[in-house]
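Participant: Got a predicted structure plus its sequence, pasted below:
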Amino acid sequence: MIADPFREGIAAGWKTIDAATLDSDLRLEADVVVVGSGAGGGVTAEILAHAGLAVVIVEEGPLKSSADFRMREREAYPQLYQESAGRQTRDKAVTILQGRCVGGSTTVNWTSSFRTPPTTLAHWRAVHGIQGMGEADLAPWFARMEERLSIAPWPVPPNENNDILRRGCEKLGIAAAAIRRNVKGCWNLGYCGMGCPTNAKQSMLVTTIPAALAKGAVLVHRARLERLVASGDRIVEAQARGVAGSGSPPGVHRVRLVARHFVLAAGAIGSPAVLMRSALPDPGELVGRRTFLHPTVVSAALMPAPVKGYEGAPQTIYSDHFLDAVPVDGPVGFKLEAPPLHPILAGITLPGHGAGHAKWMKEFANLQVVIALLRDGFHPDSPGGRVRLRDDGSPELDYPIGAFLQDGIRRAYLAMAEIQFAAGASTVMPLHEDAAPVAGWPAAKAAIAGLSMVPLHPRVVSAHVMGGCPMGPDPRHALVDERGRHHHIANLSVHDGSVFPTSIGANPQLSIYAQAARMASELAAGLSPRSRA
Amino acid sequence: MLTRRQFLKVGLASGAVLAGAGWLALRQGRAPAPGFQWLDKRAAAIVAALVPVVLEDALPADGPARKEAVKEVVQAFDRAVSGLSPAVQEEIAQLFALLGLAAGRFIVAGVRSAWHEATPDEVHAFLRRWRTSRFGLLRAGCQALTQLLLAAWYGNPASWERIGYPGPPALDGRRG
């Protein structure tokens, strides 16, 4: 029998409040209010609660747990993702997969765990002036979070979708390796993206948040943080309202949260949105700018034998060959991985409609898919996007894909097709509105060279939103310092992927865990109950 | 391919129709048709006209099963739109307001017949034109409509047998 940690925990006295069902206003006091319960908020809440501080966690999404996870896309996407997994950039050219639930994206991610690449850290030091964040400085924080979340090599052979990536790379003499995963007793089902039904994935939902709740933290879910209220250089109160779902208007009852310190961990679209709605000081005009996505393009291949990309752990093999082949600040590099395949995601990502589309879907079981994640933000021609507020206060990311990234998209299509043919694909098709399936590498090469790069022609997706509240020592170029403390507000920190000055160049969850652990530990030391006035 | 002159004409007309549709959508307000959370009568008719073209032979071939599948796709489309953010729901409402106006349907979508009488060929041609249109707005409109329909169908277990997907493994009985 699989126990549901939340059903048991709540029975044992954990304090959780569903703000969408409030029948009156609510006021809570704490030492620290943590906004968001994903990678940054979860780690922060556990460390602060463990230090004896009273913590309130505010989460916009619902509290769903293993008993609710039924591995069905049509239930999981509306329940667990921002805008039903259909969040898009302003021109609709990029679809963003981002969690909207307790545990944030960690509840729905595909478990890929990488330390921040040394090239990224070196670039931050050289170009963004970030001190004390070398490989050796961060190693203890990575080690700590790897232990906490059972991040380890995955001993099970890769599923066929991933093994094809491995075999194709091997044939071409391209380095590929196994991805470490944050799992404990994984059943190798392949449904990580719909919430882990067996609690094997060591997401925030089953690790840090239960630990914080066991230490007395309060979780307020289905509560959207509207604004932080400042007085002088301090935040005095956070104001939220209940909200039932992505598509629902906010409820009438207000939630007021009073605390000594506030930590924003609402993700790289949510955190800038809170800061903008609160009209906090931003003299460098930095908030919401330089937002990065690892824009990701997709190549599908037809294999002679069944691939069954829906079965078995997703993303267990990767190649950094095309990241390492270029200077970090040169033409854009990309990381290759092999995602899970499920009918809705495949259906909406394969281009076209009608008979042509249906023909590809009919081959669903023999479909192999490789994705290329572009390392954005390291070159002057890759300034990222910008989060803006719509009239109703909701955030929207404007992320134009210019010539610099278009060149990378074309090179990525070529690299993926060559690997897929080397692994024995009969037909390859870049997922692009104008692409036709092609048989053989020479024909594919010619076809890809001719593809249009007009926005919305290449299918572009993203599961990694970063930047928008950059960290660094200089308030002219950074919103928060290297401890995550806001340069202009005394009792406000940002602990999530929005502090990164560029993209990571690898799946970012472990980078966020380690930074949040480092920042929260320092914050806890400064706020410890003993030093309270 | 449109000539530059035609392109400008279509562009200007589209702009005028779009502005009109946005204004109309705002003025008319929207009332969901009976049985729907979001789709009004006009939008439901447009979706029903799109389903057989976008999903074509992905749907069951025979009469009653096909009819039931079409009905379920329209309903799932309705649920899917209700789950989008209010701002995006508003954009989709404007898209339907545009397509629902005779002028919008004719000038911008190029469909001569009323939606419930439009032939599959007319609807195909409309989607193809928008998919590769020079206007980002029309490309995005085509993708929004087709992706919502594809998600509505492939989320339905009735679609899985044809694509050889066995569905998620059964864990029931092992849950606490």
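Facilitator: That came through, no problem. Numbering: from 1, shown residues only, chains lettered A, B, ... in the order given.
Participant: From now on I want contacts and neighbour counts done on CA atoms only, so please keep to that.
Facilitator: Noted.
Participant: So residue A:326: helix, strand or coil?
Facilitator: The three-state assignment at residue A:326 reads coil, by DSSP: H, G, I helix; E, B strand; the rest coil.
Participant: For it, give its distance to chain B.
Facilitator: 32 Å (CA to the nearest CA, to the nearest Å).
Participant: Leaving out sequence neighbours, find the closest residue to that residue.
Facilitator: residue A:333 (6.3 Å; CA to CA, 6 or more residues apart in numbering or on different chains).
Participant: Now the phi/psi pair for the one you found, please.
Facilitator: phi -90, psi 170 (degrees, to the nearest 10).
Participant: Same check on residue A:30?
Facilitator: Dihedral angles (degrees, to the nearest 10) for residue A:30: phi -150, psi 170.
Participant: Touching, the residue nearest to residue A:326 and residue A:375? I think so.
Facilitator: Yes: the pair residue A:333 and residue A:375 passes the contact test of CA atoms under 8 Å, sitting 5.7 Å apart.
Participant: shared neighbours of those two, anything?
Facilitator: Residues touching both residue A:333 and residue A:375 by CA atoms under 8 Å, 6 or more residues apart in numbering or on different chains: residue A:323.
Participant: Secondary structure element holding the spatially most central residue of chain B?
Facilitator: Relative to the mean C-alpha position of chain B, the nearest C-alpha, by CA atoms, centre = their mean, is the one of residue B:145, at 3.6 Å. In the assignment (DSSP states H and E), residue B:145 maps to helix B:136-154.
Participant: who's in contact with the next helix or strand after that helix?
Facilitator: With elements assigned by DSSP H and E, the helix or strand that comes after helix B:136-154 is helix B:160-163. With CA under 8 Å, 6+ apart as the test, helix B:160-163 has contacts from A:343, A:361-365, B:58, B:154, B:166-167.
Participant: residues of helix B:160-163 that come out buried?
Facilitator: B:160, B:162-163 (16 or more other CA atoms under 10 Å in any protein chain shown).
Participant: Show me which of those residues is closest to residue A:221.
Facilitator: Set against residue A:221, the nearest of the buried residues of helix B:160-163 by CA to CA is residue B:160 (34.3 Å).
Participant: quick one, strands of the stretch 351-500 of chain A?
Facilitator: Secondary structure of the stretch 351-500 of chain A (DSSP state E, counting those that start in this stretch): strands at A:367-374, A:386-389, A:395-398, A:427-430, A:460-462, A:466-467, A:492-494.
Participant: So what's the gap between the fifth one and the chain middle?
Facilitator: The gap between the average C-alpha position of strand A:460-462 and the chain average comes to 12 Å, counting by CA atoms, centre = their mean, to the nearest Å.
Participant: same question, the longest one
Facilitator: Going by CA atoms, centre = their mean, the spacing between the C-alpha centre of strand A:367-374 and its chain's C-alpha centre is 17 Å.
Participant: For the helix holding residue B:145, give me every contacting residue.
Facilitator: A:91-93, A:343-345, A:347-348, A:353, A:455-456, B:51, B:54-55, B:72-74, B:76-77, B:80-81, B:95, B:127, B:130-133, B:159-160.
Participant: Report the distance from that helix to the chain centre.
Facilitator: With CA atoms, centre = their mean, you get 6 Å for helix B:136-154.
Participant: pLDDT averaged over it - what is it?
Facilitator: Helix B:136-154 carries an average pLDDT of 96.
Participant: try stretch A:500-513
Facilitator: Mean predicted confidence for stretch A:500-513 is 98.
Participant: Show me the helices in chain B, by range?
Facilitator: With DSSP state H, the ranges of helices along chain B come out as B:4-28, B:41-55, B:63-82, B:86-100, B:102-103, B:120-131, B:136-154, B:160-163.
Participant: which of the ones you listed has the lowest average pLDDT?
Facilitator: When I compare the helices of chain B, helix B:4-28 is least confident, with a mean of 56.
Participant: so how many other residues sit close to the closest residue to residue A:319 other than its chain neighbours?
Facilitator: Nearest residue to residue A:319, sequence neighbours excluded (CA to CA, 6+ apart): residue A:176, at 4.3 Å. Neighbours of residue A:176 under the rule other CA atoms under 10 Å in any protein chain shown: 19.
Participant: in which helix or strand would I find residue A:518?
Facilitator: Counting by DSSP H and E, the element that carries residue A:518 is helix A:509-527.
Participant: which other helices and strands contact that helix?
Facilitator: helix A:39-50, strand A:112-113, helix A:135-148 (3 or more CA pairs under 8 Å, 6 or more residues apart in numbering or on different chains; DSSP states H and E).
Participant: What residues does the stretch 301-450 of chain A have near chain B?
Facilitator: A:343-345, A:347-348, A:353-355, A:358, A:361-365, A:392, A:394, A:433 (CA under 8 Å from any CA of the partner chain).
Participant: switch to 7 Å and redo it
Facilitator: A:343-344, A:347-348, A:353-355, A:358, A:361-365 (CA under 7 Å from any CA of the partner chain).
Participant: Now list the buried members of those.
Facilitator: A:343-344, A:347-348, A:353-354, A:358, A:361-365.
Participant: sorry, back to before: which of the helices of chain B has the highest mean neighbour count?
Facilitator: Mean neighbours per residue, mean count of other CA atoms under 10 Å in any protein chain shown, is largest over these for helix B:136-154, with a mean of 22.
Participant: just checking, residue A:344 touches residue B:159?
Facilitator: No: using CA atoms under 7 Å, residue A:344 is not in contact with residue B:159, being 10.4 Å away.
Participant: what bridges to residue A:262?
Facilitator: Residue A:262 has these beta-bridge partners by DSSP bridges: residue A:33, residue A:492.
Participant: my guess is residue A:90 meets residue A:398, correct?
Facilitator: Yes: when contacts are counted by CA under 7 Å, residue A:90 is listed as touching residue A:398 (4.8 Å).
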